[in-house]
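K.L.:
Sequence below, structure please.
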Amino acid sequence: MKRFDSFSAFGAGRGDFTLIKALKSPDRRGETLDRGLIALRSAEGTYLSWRLLSSDPRDISFNIYREDENGVHRINEVPISSTTDLLDRSAQDKGECRYILKVERGTYGLIKIAAYDGDLNMVWYFEASGEHSGYRGQGAHGLAVADTDEDGMDELIIGSAVIDHDGRPIWCTGLGHPDVMYVADIDPERPGLEIFYGIEPRHERNAVCLVDARTGRSSGDMTALRSMSTARVWWEI
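P.N.:
All right, here's what the predicted structure looks like:
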């Protein structure tokens, strides 16, 4: 007997849908994660933080190393076992930190995105018109960011379209405004990220769909669904 996992999501006043997926085994699947080490500079030093994984033993401890022109050095005096963070007060600031402000307007029609530097000088500008008119009406009610092309820089997922970190349009599904949008490693059996959509406009197919975050292509054959109002999806892996 197959076991079915399900979850419900709700659109903005548009009803709800339930996604049901048949799994091969009763084992619970989790998202594939690495340590996710981040470093944030401050006046006191560099703050480091990383993940504790569900597969880690209870007595795990960590050593943190920094590489510079003099080689590799351990920066913690004793193994870290009670937390997954560290403030490196000895780290030297050897470069400028560049901040970019990205602003978007538009959801159902014309979409405009502008990026500004720390002095509020415009760095780049994108508009869903002219050669990019196919990006009109593809906006969501909010933005998501993720490194969809794995180049080390986060892209803007504006809805049913993705804009590169430098303002270059990457792909657009043309499905229109999504009421629901999730970005994650949803399918652990394929590499990279996926985006799950619940599309508001009616379509013969793929009003509810899962796409490859790198290319925007549908990552599976899904049941024909005409709208987001009330839908149920079944498929097997």
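
K.L.:
Check whether L48 really touches S42, as I assumed.
P.N.:
No: at 11.4 Å, L48 does not count as touching S42 under the criterion of CB atoms under 8 Å. For every residue, glycine as well, the C-beta is placed using N, CA and C.

K.L.:
Look at the two and report which has more neighbours.
P.N.:
L48 (21 against 8; other CB atoms under 10 Å).

K.L.:
Disregarding flanking residues, what is the spatial nearest neighbour of that one?
P.N.:
Leaving aside its sequence neighbours, L48 sits nearest to L86 (CB to CB, 6 or more residues apart in numbering; 4.7 Å).

K.L.:
you'd agree that neighbour is up against I80?
P.N.:
Yes: contact criterion CB under 8 Å: L86 and I80 qualify, at 6.3 Å.

K.L.:
what's the spacing between the nearest residue to D187 once chain neighbours are set aside and R168?
P.N.:
Nearest non-adjacent residue to D187, counting by CB to CB, 6+ apart: E194, 5.6 Å away. E194 is 22 Å from R168, where distance means CB to CB, to the nearest Å.

K.L.:
of these two, who's got more company?
P.N.:
Set side by side, E194 and R168 show more neighbours around E194, with 20 against 10, by other CB under 10 Å.

K.L.:
ok, the more buried one - contacts?
P.N.:
Residues in contact with E194, defined by CB atoms under 8 Å, 6 or more residues apart in numbering, are 183-187, 210-213, 219.

K.L.:
And Y135, by the same measure?
P.N.:
For Y135, the contacting residues are 111, 128, 161, 169, 172, by CB under 8 Å, 6+ apart.

K.L.:
Give the bridge partners for the residue nearest to the spatial centre of the chain, please.
P.N.:
Residue closest to the average C-alpha location in the chain (CA atoms, centre = their mean): A146, at 3.6 Å. Counting by DSSP bridges, A146 is bridged to E155.

K.L.:
That one contacts E155, doesn't it?
P.N.:
Yes: taking CB under 8 Å as the definition, A146 is a contact partner of E155 at 6.5 Å.

K.L.:
Sheet partners, orientation included, of the host helix or strand of I195?
P.N.:
Using DSSP states H and E, I195 sits in strand 194-199. Using DSSP bridges, the strands paired with strand 194-199 are strand 178-184 (antiparallel), strand 208-212 (antiparallel).

K.L.:
Tabulate the contacts of E194 (JSON lines), appending pLDDT and distance to G134.
P.N.:
Converted to JSON lines, these look like this (pLDDT from 0 to 100; distance: CB to CB, whole Å):
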{"residue": "V183", "pLDDT": "92", "distance to G134": "21"}
{"residue": "A184", "pLDDT": "90", "distance to G134": "26"}
{"residue": "D185", "pLDDT": "89", "distance to G134": "28"}
{"residue": "I186", "pLDDT": "86", "distance to G134": "25"}
{"residue": "D187", "pLDDT": "85", "distance to G134": "27"}
{"residue": "L210", "pLDDT": "89", "distance to G134": "21"}
{"residue": "V211", "pLDDT": "91", "distance to G134": "16"}
{"residue": "D212", "pLDDT": "91", "distance to G134": "18"}
{"residue": "A213", "pLDDT": "93", "distance to G134": "19"}
{"residue": "S219", "pLDDT": "69", "distance to G134": "21"}
